[in-house]
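# build me a model:
(2 chains)
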There are 2 protein chains.
Amino acid sequence: MADKLTPRSEDYSKWYNELVQRAELADYSPVRGSMVIRPYGYALWENVQAGLDRRFKATGHQNAYFPLLIPMSFLQKEKEHVEGFSPELAVVTHAGGELLEEPLVVRPTSETIIGYMYAQWIKSYRDLPVLINCWNNVVRWELRTRLFLRTAEFLWQEGHTAHATAEEAEAETIQMLNVYADFAINDAAIPVIKGRKSDSEKFAGAVRSYTIEAMMGDKKALQSGTSHFLGQNFAKAFDIKFLSKNNELEFAWTTSWGLSTRMIGGIIMVHGDDQGLKLPPKLAPIQAVIVPIFKNDDEKAKVMPVVEQLRQQLVETVRVKVDDREETPGFKFHDWELRGVPLRIEVGPKDVEKGSVVFARRDRPGKEGKSFVPQAGIAEAARSVLATIQTDMLKRATEFRETNTHEPKSYDEFKSIIEDGFARAWWCGERQCEAEIKEETKATTRCIPLDQPGGSGVCIHCGKPAQEVAIFAKAY
Amino acid sequence: MADKLTPRSEDYSKWYNELVQRAELADYSPVRGSMVIRPYGYALWENVQAGLDRRFKATGHQNAYFPLLIPMSFLQKEKEHVEGFSPELAVVTHAGGELLEEPLVVRPTSETIIGYMYAQWIKSYRDLPVLINCWNNVVRWELRTRLFLRTAEFLWQEGHTAHATAEEAEAETIQMLNVYADFAINDAAIPVIKGRKSDSEKFAGAVRSYTIEAMMGDKKALQSGTSHFLGQNFAKAFDIKFLSKNNELEFAWTTSWGLSTRMIGGIIMVHGDDQGLKLPPKLAPIQAVIVPIFKNDDEKAKVMPVVEQLRQQLVETVRVKVDDREETPGFKFHDWELRGVPLRIEVGPKDVEKGSVVFARRDRPGKEGKSFVPQAGIAEAARSVLATIQTDMLKRATEFRETNTHEPKSYDEFKSIIEDGFARAWWCGERQCEAEIKEETKATTRCIPLDQPGGSGVCIHCGKPAQEVAIFAKAY
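Residues are numbered from 1 along each chain as shown, chains lettered A, B, ... in the order given. From the prediction side, this is the model:
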């Protein structure tokens, strides 16, 4: 722990891996590709969960739980779905000491088992819509894994809804995309681009997939949440039928949408710096840390009662921690910087005399982030500076993305842009053209933004007429 | 749904299964032994989680997450542990399209993988205690399953702690037993007996297991939560060593403790009656339901604005729902009785005129549970009656258990008691004697209560000297 963190600019990937472990967010496990989420990382996830869960419930969704193990034959009922997920399945072949008649797959996602259950529950238009979300774990046997970003097992939420009409299901798909964007922007301080996935990038079994895409600190893209309009594909595969108002038997229209612990990787990569994490106040497990400063027992006796009194003022409305470890203030400063606590409150003997404290903002290192604050009304002052930090972090991340997003005039320019940022360019929408771009540049279409300039142009790669603009980037 | 629920007295088991499904708590899944927890049942589980999680955090625990899949060899490192769990394991043999070099088991419990990680993290006495809890899913391939009570997959929390001394670890084990008892008694309104498990009933790998045991409505016992002192068994199996204050390398002392969705089965069986569920207010997803009563549109126009105004008064502090479905009041009354909502609030045109409403308590059917309550200050009145319901439910369940717990004077009397209740009897503590009692009566030692009468006696079965009293019963 005494070693310095590898600077972000020197080796982004190494910086990331070191940071995740040193800040004790997560650790490698002895199971290939699976990680352990440590208490500090899990507390961050709990705050992500709370922020999303509140929004899901406010839009009428309820939580439920479906089985982890899914009969292999279920996966095979939707053709694209099984093709997409087959290579990544973990398969239970033995249970209770015996060979199973039919192998069970550890869920990679739950459209199939949920589709089966919806077919039992949905009989009439009166049973619709069904608006269910699940918080659970899934397994996708990835070959190349990365803590939080790509793990063989991950935690997520998967929403699954069924509707009487295509319009309603599409509206739900977009509503949940908006919920994700609202969460990312306002809670995680991550500006995201809402858009549609290209056909080759969409979910296996979906009619249309939507995504929120974010720019990381190394200017690569991270798909941070997806929402899928599944049409009647799963309804037909699992026979989800209902009697309509007109007394006709119709297939339901379904959606699914998911956001995972990958979001934590995004938070680390968007905000972190050479000193460590920088957590957005709304999600930070510890929003403010009080560091008492003293040189001897006399000073300690002076400082500690004030520290405790300040803690009591703060604890009602701020997630506060007192660092009373027997370490130097310098050690503690670095430690909490590494862990990304948004606000440090320093209290020394002089502060006690003056009835003030020092606020140090994690997001503004050095003098400009420091201020003297009166002890009276400290909770109000802390809430206020935390709100400012939250806004400033979003502002900085947005500026960074804007500065590193360019509109190429030529394919040559395109190739140079995507080496170091996002390219926003007219695109023909054809699969072949997309594959060539990927082959030639390693950049993929991240999304076709919902927010379009209008009009038309020519495809940046093939020169054919193009009706839409797409975001291209290298991605995680 | 039009059919009447099978009366509890007629067929307890059928009543239970019907009730779980009709109240939409859970449903059978197409995967053998696995259930689907439906939104109403999951909301109940969320309230169980919140009640426990608050207590875990108040006692200094943090949540974390460990991998679902565990290398088979890990299980084999603790001899008793592997013997206990081997018959119930689900095994992943293939993943990513290939045969795995080493099979992975779907966790039946996580002592082994957590033991491995603790060995990495714990180096010095300064790293202790480690106080971690996990909310997750586990799989135990049971042959005979029952919704909530015994399922191949279930949700639970498992706490895992490591300590520097045996005393500290034992204190933790008892502390968590007390946390479970406090939750069961005060939140679930289930009186529980805290006690030690006999050697033959203890957790595979534990030195001592403690349990909270509850009496169900059919007078059978349900083990509702367990807390284990693991000694140094897992520390030795996984090499969890630390440098003590005296600079000596020592094995840590560990504990584990778990409570699962089985608790929901307990809540159903302790409180439910012929009309359906009876949920304790502290855990009920819906604490109060407002049923508007009107015969025509005029009356509806009169009633509904008042209903909405009452809802607004209540919603800040009571989990309230307005039932505005187009069904008769009678249908709605039965439906909410089935679902166990503690308080029904009826609002008809006469109530509107008189400025009052009718409160009907789910726990006291008929006239004695009804009262007229002024609309002004309805939230305060509702909170008050909900608190009374909570206390009364616990009182009734406690009286029921006391009435059906007897102290046999002879083994013949013992045999008749355990046909219809709990027997509290002196017991020699020997494995052989316990096995014979089980063989002859189907009753097992539920626990050796922490609360002992003192003195000594003679074993109810073998007549040998006995130092402790045990609770015997047939059990789920």
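# from here on, contacts and neighbour counts on C-alpha atoms
Will do.
# name the SS class of the residue most central in space within chain A, please.
Residue closest to the average C-alpha location in chain A (CA atoms, centre = their mean): A:Met263, at 1.9 Å. A:Met263 falls in the helix class when you classify it by DSSP: H, G, I helix; E, B strand; the rest coil.
# for it, which non-adjacent residue is closest in space?
Leaving out its chain neighbours, the residue that sits closest to A:Met263 by CA to CA, 6 or more residues apart in numbering or on different chains is A:Ser224, at 5.8 Å.
# quick check: the one you found vs chain B, distance?
Look at A:Ser224 and chain B: by CA to the nearest CA, to the nearest Å, they are 21 Å apart.
# residues contacting that residue?
A:Thr211, A:Ile212, A:Glu213, A:Ala214, A:Leu259, A:Ser260, A:Arg262, A:Met263, A:Gly266 (CA atoms under 8 Å, 6 or more residues apart in numbering or on different chains).
# looking at those residues, which has the most residues close by?
Within those, neighbour counts (other CA atoms under 10 Å in any protein chain shown) peak at A:Thr211, which reaches 29 neighbours.
# surely it touches A:Ala221?
No: using CA atoms under 8 Å, A:Thr211 makes no contact with A:Ala221, being 11.7 Å away.
# now, which of the contacts of A:Ser224 sits nearest A:Glu419?
Distance to A:Glu419 across the contacts of A:Ser224 (CA to CA) is lowest for A:Ala214, with 16.3 Å.
# in which helix or strand would I find the closest one?
Under DSSP states H and E, the secondary-structure element containing A:Ala214 is strand A:208-215.
# mind exporting the C-alpha coordinates of that strand to PDB?
The C-alpha atoms that make up strand A:208-215 are tabulated as PDB, following Å, rounded to 0.1, in the frame of the first residue of the first chain:
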ATOM      1  CA  ARG A 208     -34.500  -2.900 -31.200                       C
ATOM      2  CA  SER A 209     -32.000  -2.200 -28.500                       C
ATOM      3  CA  TYR A 210     -31.400   1.200 -26.900                       C
ATOM      4  CA  THR A 211     -28.300   2.200 -24.900                       C
ATOM      5  CA  ILE A 212     -26.800   4.900 -22.700                       C
ATOM      6  CA  GLU A 213     -23.100   5.400 -23.800                       C
ATOM      7  CA  ALA A 214     -20.500   7.200 -21.700                       C
ATOM      8  CA  MET A 215     -17.000   8.400 -22.400                       C
END
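# could you give the mean pLDDT of the following helix or strand past it?
For strand A:208-215, the succeeding helix or strand toward the C-terminus, using DSSP H and E, is strand A:221-229. Averaged across strand A:221-229, pLDDT comes to 98.
# so which elements touch the very next helix or strand once past strand A:221-229?
Next along the chain after strand A:221-229, taking DSSP H and E as the criterion, comes helix A:233-238. If you count contacts as 3 or more CA pairs under 8 Å, 6 or more residues apart in numbering or on different chains; DSSP states H and E, helix A:233-238 packs onto helix A:111-121, strand A:253-260.
# hmm, the worst-scoring helix or strand of chain A on mean pLDDT in reach of chain B?
Least confident helix or strand of chain A, by mean pLDDT, DSSP states H and E, is helix A:79-85 with a mean of 90. No: judged by CA under 8 Å from any CA of the partner chain, helix A:79-85 and chain B are separated, with a smallest distance of 9.6 Å.
# how far off centre is that helix?
25 Å (CA atoms, centre = their mean, to the nearest Å).
# contacts for that helix?
A:Leu75, A:Gln76, A:Pro108, A:Ala204, A:Gly205.
# helices - which of those residues land there?
Members of the contacts of helix A:79-85 lying in helices (criterion: DSSP state H): A:Leu75.
# what's the PyMOL line that selects buried ones from the contacts of helix A:79-85?
Filtering the contacts of helix A:79-85 down to the buried ones (16 or more other CA atoms under 10 Å in any protein chain shown) takes a single PyMOL command:
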select buried, chain A and resi 75+76+108+204+205
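# and the contacts of helix A:79-85, which is closest to chain B?
A:Pro108 (11.6 Å; CA to the nearest CA).
# how much space between that closest one and A:Thr254?
In this view, A:Pro108 and A:Thr254 are 18 Å apart by CA to CA, to the nearest Å.
# what of A:Cys433?
Distance from A:Cys433 to A:Thr254, by CA to CA: 30 Å.
# list the contacts of A:Glu142.
A:Gly33, A:Glu88, A:Arg150, A:Thr151, A:Ala152, B:Gly96.
# sorry, slip of the keys, the one I care about is A:Gly217.
Neighbours of A:Gly217 in contact, by CA under 8 Å, 6+ apart: A:Met269, A:Val270, A:His271, A:Gly272.
# pLDDT score for the residue lying closest to the last one once chain neighbours are set aside?
Leaving aside its chain neighbours, A:Gly272 sits nearest to A:Lys278 (5.1 Å; criterion: CA to CA, 6+ apart). Reading off the per-residue confidence, A:Lys278 sits at a pLDDT of 98.
# need the three-state assignment for A:Lys278.
coil.
# any residues of chain A in contact with chain B? List them.
So chain A meets chain B at A:29, A:31, A:34-39, A:41-43, A:62-71, A:86-97, A:117, A:132, A:141-142, A:153 (CA under 8 Å from any CA).
# could I get the pLDDT score of the residue nearest to A:Phe203 when sequence neighbours are not counted?
In this structure, A:Phe203 finds its nearest non-sequential neighbour in A:Ser209, 6.2 Å apart by CA to CA, 6+ apart. With respect to pLDDT, A:Ser209 scores 98.
# run through the residues that contact A:Ser209.
A:Arg196, A:Lys197, A:Lys202, A:Phe203, A:Thr226, A:Ser227, A:His228, A:Phe229.
# would you mind measuring from it to chain B?
25 Å.
# what do you get for A:Asp127?
13 Å.
# give me the number of residues near that residue?
Count around A:Asp127 with other CA under 10 Å applied: 14.
# shouldn't A:Arg144 be within a strand?
No: going by three-state DSSP, the assignment for A:Arg144 is coil, not a strand.
# give the contact list for it.
A:Arg144 neighbours (CA under 8 Å, 6+ apart): A:Gly33, A:Arg150.
# so what sits opposite the residue nearest to A:Phe203 in the bridge?
Beta-bridge partners for A:Ser209, by DSSP bridges, are A:His228.
# kindly report the same for the one 5 residues further on.
Residues in a beta bridge with A:Ala214, per DSSP bridges, are A:Leu222.
# now do the contacts for it.
So A:Ala214 contacts A:Ile190, A:Pro191, A:Val192, A:Ile193, A:Ala221, A:Leu222, A:Gln223, A:Ser224, A:Gly266 (CA under 8 Å, 6+ apart).
# could I get the phi/psi values of the residue nearest to A:Gly272?
phi -140, psi 100 (degrees, to the nearest 10).
# all set now, cheers.
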